[in-house]
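> Here's my sequence, what's the structure:
(2 chains)
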2 protein chains.
Amino acid sequence: MSKKAVILLSGGLDSLTTFAIARDKGFECLALSFDYGQRHAIELEKAKKIALIHAAEHKIIRIDNFGGSALVDNGIAVPKQGISEEIPTTYVPARNTIFLSYALAYAEVLAADDIFIGVNALDYSGYPDCRPEFINAYEEMANLATKRGVEGKKLTIHTPLINLTKAEIIKAGLALDVDYALSTSCYDPIQEKACGACDSCRLRLKGFEEAGITDPIEYY
Amino acid sequence: MSKKAVILLSGGLDSLTTFAIARDKGFECLALSFDYGQRHAIELEKAKKIALIHAAEHKIIRIDNFGGSALVDNGIAVPKQGISEEIPTTYVPARNTIFLSYALAYAEVLAADDIFIGVNALDYSGYPDCRPEFINAYEEMANLATKRGVEGKKLTIHTPLINLTKAEIIKAGLALDVDYALSTSCYDPIQEKACGACDSCRLRLKGFEEAGITDPIEYY
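Purely as a prediction, here's the structure:
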């Protein structure tokens, strides 16, 4: 029987690749997505489809959020002038901390010791909760938080993309037959079409360009 | 203007005392409670009343839970034979991790750097997420998780009860005019009446007895 792993599946390019990597490592992946009022809620439809195609168990957790981000507050515009040195307004306070905390609870209930998250800290927007030092501190905390940890079971948070460029991520995914048409990245889509100008679109397009591959999704 | 603090307010004896201590320290307290399907949902009514009486802002967050605890699964009985050496079935996987993660997000949105939680590790049920080593690791992680942390603002998780016995907690609260009739502790109440036999009731009753004070709540 394969080992169970909880995977955070947003429906984006990174989480789709991470899902493929976890499956390739032989894990039975149980996917978690979050409905936190994000303006790009289309990603949840993508996540559902990805899980369905791969016959993976999938839960969507509804999260009350407190605002404070362009991704959840229509009064704050999504920046489209290019990636800056500063942490952008698309930053969502404590997002990955909350996501990982649900994953930790779910893993314990499943008696699983592995969580996969597709964070990366190279071609990214500078979000603090995507950095290796955050993930390491989270893992250390998580192992003190649970009954399973007290019993000596070691929880591992896998971040297979953390040191990859976007082009490397795409190449890794294609080597595992990932269909990137199943993913979305845009923070400000119109129906299924991406804007091509937000940070997330820019990073995605740059990645495909550097990988020498055509992005299969549509842009408006 | 007083500094804002987020306080986890369950409606129990410990969180009510913590709330009094935080107010006594001069903080403007913003209270968070969680509706996680707990069988003792009466505590949420207590929390509402406590917040109302003290004119504190109060949010109740609805959390999807994954089961795995006597507190959320009616198929698992609440143990009433006395406190054991083992972590009991009332343990809820990753509960304080999830609660603190919402508090962290809320604190960042409020531009607050202080969170209060009424955990204690003396007269307690051995829950791993009440121990000082967990809280310390959480605080370290939290300071790496947020934009506010990157900007050099230090988040502090205050645990004023962590080294107190239940009797000391009660005495500290009474010195601050806490009305313990406002609180509830029982895991398995019938309406407003407590069972007197679950771990939480036993710890409460022992605390009042050791403090030489009559518990003002009713038992069935």
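
> Which neighbouring elements make contact with the biggest strand by length in chain A?
What stands out as the longest strand in chain A, according to DSSP state E, is strand A:28-35. When contacts are defined as 3 or more Cβ pairs under 8 Å, 6 or more residues apart in numbering or on different chains; DSSP states H and E, strand A:28-35 packs onto strand A:4-8, helix A:13-24, helix A:42-53, strand A:58-62, helix A:95-110. Heads up, the C-betas are built off the backbone N, CA and C, glycines and all.

> Out of these, which gets nearest to B:Asp179?
Nearest to B:Asp179 among these is helix A:95-110 (32.8 Å), distances taken as Cβ to Cβ.

> Following the chain onward from that closest one, which element is next?
strand A:114-116 (DSSP states H and E).

> What's the first helix or strand after that following strand?
In N-to-C order, the element after strand A:114-116 by DSSP H and E is helix A:132-145.

> The helices and strands packed on strand A:28-35: which one's closest to chain B?
The closest of the helices and strands packed on strand A:28-35 to chain B is helix A:95-110. By Cβ to the nearest Cβ, the value is 3.6 Å.

> May I see the helices and strands packed on strand A:28-35 arranged in CSV, with mean neighbour count, distance to chain B and mean pLDDT as well?
CSV is the format used below for those (neighbours: other Cβ atoms under 10 Å in any protein chain shown; distance: least, Cβ to the nearest Cβ, whole Å; pLDDT from 0 to 100):
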stretch, mean neighbour count, distance to chain B, mean pLDDT
strand A:4-8, 25, 10, 98
helix A:13-24, 24, 18, 98
helix A:42-53, 18, 15, 96
strand A:58-62, 16, 5, 97
helix A:95-110, 25, 4, 97
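
> what about stretch A:51-71, how long is it end to end?
24 Å (Cα to Cα, to the nearest Å).

> strand partners of the longest strand of chain A, parallel vs antiparallel please.
Applying DSSP bridges, strand A:28-35 is found paired with strand A:4-8 (parallel), strand A:58-62 (parallel).

> for those, which one sits closest to A:Phe27?
From the strands paired with strand A:28-35, taking Cβ to Cβ, the stretch that ends up closest is strand A:4-8, at 3.9 Å.

> Now do that closest one: distance to the chain's middle.
12 Å (Cα atoms, centre = their mean, to the nearest Å).

> Return that strand as PDB; C-alpha atoms alone will do.
Taking C-alpha atoms only, strand A:4-8 is exported to PDB below (Å, rounded to 0.1, in the frame of the first residue of the first chain):
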ATOM      1  CA  LYS A   4      -0.500   8.800   2.100                       C
ATOM      2  CA  ALA A   5       0.500  12.400   1.600                       C
ATOM      3  CA  VAL A   6      -1.500  15.600   1.900                       C
ATOM      4  CA  ILE A   7      -0.900  18.000  -1.000                       C
ATOM      5  CA  LEU A   8      -1.900  21.600  -1.200                       C
END
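
> contacting residues around that strand?
Contacting residues not belonging to strand A:4-8 are listed as A:15, A:18-19, A:22, A:27-33, A:56, A:99-100, A:103, A:106-107, A:110-112, A:114-118, A:158 [Cβ atoms under 8 Å, 6 or more residues apart in numbering or on different chains].

> picking that back up, among the helices and strands packed on strand A:28-35, which is nearest B:Pro216?
helix A:95-110 (34.4 Å).

> If I look at the residue of chain A positioned farthest from its centre, what pLDDT would I see?
With distances taken from the mean C-alpha point of chain A and given as Cα atoms, centre = their mean, the most distant residue is A:Glu151, at 29.4 Å. Model confidence at A:Glu151, given as pLDDT, is 96.

> still on that earlier bit, buried residues in the longest strand of chain A?
For strand A:28-35, a neighbour-count test (16 or more other Cβ atoms under 10 Å in any protein chain shown) marks A:29-34 as buried.

> could those be laid out in TSV, adding distance to A:Val72 and pLDDT?
Below are those laid out as TSV (distance: Cβ to Cβ, whole Å; pLDDT from 0 to 100):
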residue	distance to A:Val72	pLDDT
A:Cys29	27	98
A:Leu30	26	98
A:Ala31	22	98
A:Leu32	18	98
A:Ser33	15	98
A:Phe34	11	97
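
> Pull the most distant pair out of these.
The distance between the two most remote of the buried residues of strand A:28-35 (Cβ to Cβ) is 16.3 Å, for A:Cys29 and A:Phe34.

> coming back round to it: would you turn the helices and strands packed on strand A:28-35 into CSV with distance to B:Lys147?
Output for these, formatted as CSV (distance: least, Cβ to Cβ, whole Å):
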stretch, distance to B:Lys147
strand A:4-8, 20
helix A:13-24, 20
helix A:42-53, 22
strand A:58-62, 23
helix A:95-110, 11
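
> Chain B contacts on chain A?
A:59, A:61-62, A:64-68, A:87, A:91, A:93-98, A:101-102, A:104-106, A:108-109, A:128-129, A:131, A:133-134, A:137-138, A:140-142, A:144-147, A:149-150 (Cβ under 8 Å from any Cβ of the partner chain).

> okay, now the closest residue to A:Leu161 other than its chain neighbours: neighbour count?
By the measure of Cβ to Cβ, 6 or more residues apart in numbering or on different chains, the closest residue to A:Leu161 outside its immediate chain neighbours is A:Asn120, 4.3 Å from it. For A:Asn120, the neighbour count with other Cβ atoms under 10 Å in any protein chain shown is 24.
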